[in-house]
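K.L.:
Let's see this in three dimensions:
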Amino acid sequence: MTVPVKQPTVVIDNNGMLSVNLANEKVRQAIIGRIDENNDAVLRELQKKINQKRKEQELTA
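P.N.:
All right, here's what the predicted structure looks like:
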């Protein structure tokens, strides 16, 4: 499915933060969803590493 995309507006505020205003809500939601999926995957990997470290510390204690 192709979604027509209006030209995004790029804004730099007074603090130097960059934001992109996407005119198309479906595109915006798709991007946010992808970011959330990536964040969840990173958090799961970090949790695995934390759990592994805890197990290692319990064995050496």
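K.L.:
Show the end-to-end separation of stretch 14-34, please.
P.N.:
End-to-end distance of stretch 14-34 (C-alpha to C-alpha, to the nearest Å): 28 Å.
K.L.:
pLDDT on that stretch, on average?
P.N.:
What stretch 14-34 shows for mean pLDDT is 74.
K.L.:
just how off-centre is it within its chain?
P.N.:
12 Å (C-alpha atoms, centre = their mean, to the nearest Å).
K.L.:
same check, this time on stretch 9-27
P.N.:
Taking C-alpha atoms, centre = their mean, one finds the center of stretch 9-27 at 16 Å from the center of the full chain.
K.L.:
Just the C-alphas of stretch 38-56, formatted as CSV.
P.N.:
Provided in CSV are the C-alpha atoms of stretch 38-56 (Å, rounded to 0.1, in the frame of the first residue of the first chain):
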residue,chain,number,x,y,z
ASN,A,38,13.2,-0.9,18.3
ASN,A,39,13.1,0.5,21.9
ASP,A,40,11.4,-2.6,23.2
ALA,A,41,14.0,-4.8,21.5
VAL,A,42,16.8,-2.8,23.1
LEU,A,43,15.2,-3.0,26.5
ARG,A,44,14.7,-6.8,26.2
GLU,A,45,18.4,-7.2,25.3
LEU,A,46,19.5,-5.0,28.2
GLN,A,47,17.3,-7.0,30.6
LYS,A,48,18.8,-10.3,29.4
LYS,A,49,22.3,-8.9,30.1
ILE,A,50,21.3,-7.6,33.5
ASN,A,51,19.8,-11.0,34.4
GLN,A,52,23.0,-12.8,33.2
LYS,A,53,25.2,-10.5,35.3
ARG,A,54,23.1,-11.1,38.4
LYS,A,55,23.3,-14.9,37.9
GLU,A,56,27.1,-14.6,37.5
